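Undergrad: Just a sequence and a predicted model for now, questions to come.
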Amino acid sequence: LGLLCVCLMYINEQFILPHALQRLRRIEDASKHAKNHHISHKNVRHLILEDGSLLIFQYYDTAKERFFDAYWIQSIDSLYRIKYLSPSLHPPVGFFVDHLVRQPTGELLQEAAYSDLSFPSMRFNPELLQSTILDPDILSISELSERVVNLSSDLSEKESKVLTAFYWKLTIPWLCLLAIIAPAPYCVIFSRHLSVFLIYVCSIFGLIAFFMFIDASQFVAKRQVLSPFWAISAPFWATFSYFGWRFLKME
């Protein structure tokens, strides 16, 4: 039963959950847009384009498939301030665009303004674009495995998030089996004073506490306090090995 649940969890992580989370994010973005959602987003994100230029943006709206409040730094002497940028169009199109050009005095001044403007020279790397606008937790196991292969040895914070999500999705389904083998030795102890209810309570709360512990370890791994492997995989498999040994020794 435990192994069957593990298989079902892997199927869920690979096929069902990624699509559900992507649709949920589109719904959340649409609802935030109706409530003037740009107020709640304070962070700034960036994306390197194929020509080496830099795109800085506030957030990406998955419902409308466009960037909001973007700055395309084409060169040190030319940049575009774009309120809405649709990268899925060919070529990409920006709305409410200001073109700023560096003057001989060194100042960046607005040279032109457009209600809409296409950018034929703006080229997006599809894989890099998806990794930037989509959280690694949304991706399937196969998609994460493809990105893990290309990770560098010196991990950045973004790469640490990808590796953390990969180890998490590989590890967490085995919690189904751990939930069975951990309390099993106590369930075959026959005693007049042994409370079955106490076994149920301790097992359930122990499972919840352990899940919260490894869930918190994701934050440690993403912030690069520890490597993703040691932060997630090592504590889980150490606990699994201990209870697995007790289960095998059970008479």
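TA: Nice, I can see it. No experiment lies behind these values; they were computed from the predicted model shown.
Undergrad: how about stretch 219-238: buried residues?
TA: V220, A221, K222, Q224, S227, P228, A231, I232, S233, F236 (16 or more other C-beta atoms under 10 Å). C-beta here means a position set from N, CA and C on the backbone, and glycine is covered the same way.
Undergrad: Which helix or which strand is home to the first one?
TA: With the criterion set as DSSP states H and E, the secondary-structure element containing V220 is helix 196-222.
Undergrad: Give the lowest-confidence helix or strand of the chain, using mean pLDDT as the measure.
TA: helix 126-133 (a mean of 77; mean pLDDT, DSSP states H and E).
Undergrad: Show the pLDDT at the residue in the chain sticking out farthest from the centre.
TA: Largest separation from the mean C-alpha position in the chain: R192, at 49.8 Å (C-alpha atoms, centre = their mean). The confidence metric pLDDT takes the value 78 at R192.
Undergrad: so it is in which element?
TA: Counting by DSSP H and E, R192 is part of no helix or strand.
Undergrad: same thing with I56?
TA: Assigned by DSSP H and E, I56 falls in strand 54-61.
Undergrad: neighbours of the closest residue to L108 other than its chain neighbours, just the number please.
TA: Spatial nearest neighbour of L108, excluding adjacent residues (C-beta to C-beta, 6 or more residues apart in numbering): L100 at 4.7 Å. Neighbour count of L100, defined by other C-beta atoms under 10 Å: 18.
Undergrad: Shouldn't L100 be within a strand?
TA: Yes - judged by DSSP: H, G, I helix; E, B strand; the rest coil, L100 forms part of a strand.
Undergrad: Confirm for me that it is in contact with E111.
TA: Yes - assessed by C-beta atoms under 8 Å, L100 is found in contact with E111 at 6.9 Å.
Undergrad: Helices of this structure, start to end?
TA: For the chain, the helices defined by DSSP state H cover 2-11, 17-34, 126-133, 141-149, 157-171, 175-181, 184-187, 196-222, 228, 234-248.
Undergrad: Give me the helices and strands touching the third one, please.
TA: Read it as helix 126-133. strand 45-48, helix 157-171 (3 or more C-beta pairs under 8 Å, 6 or more residues apart in numbering; DSSP states H and E).
Undergrad: Report all helices and strands that the last one contacts.
TA: When you say that, I think you mean helix 157-171. helix 126-133, helix 141-149, helix 196-222, helix 228.
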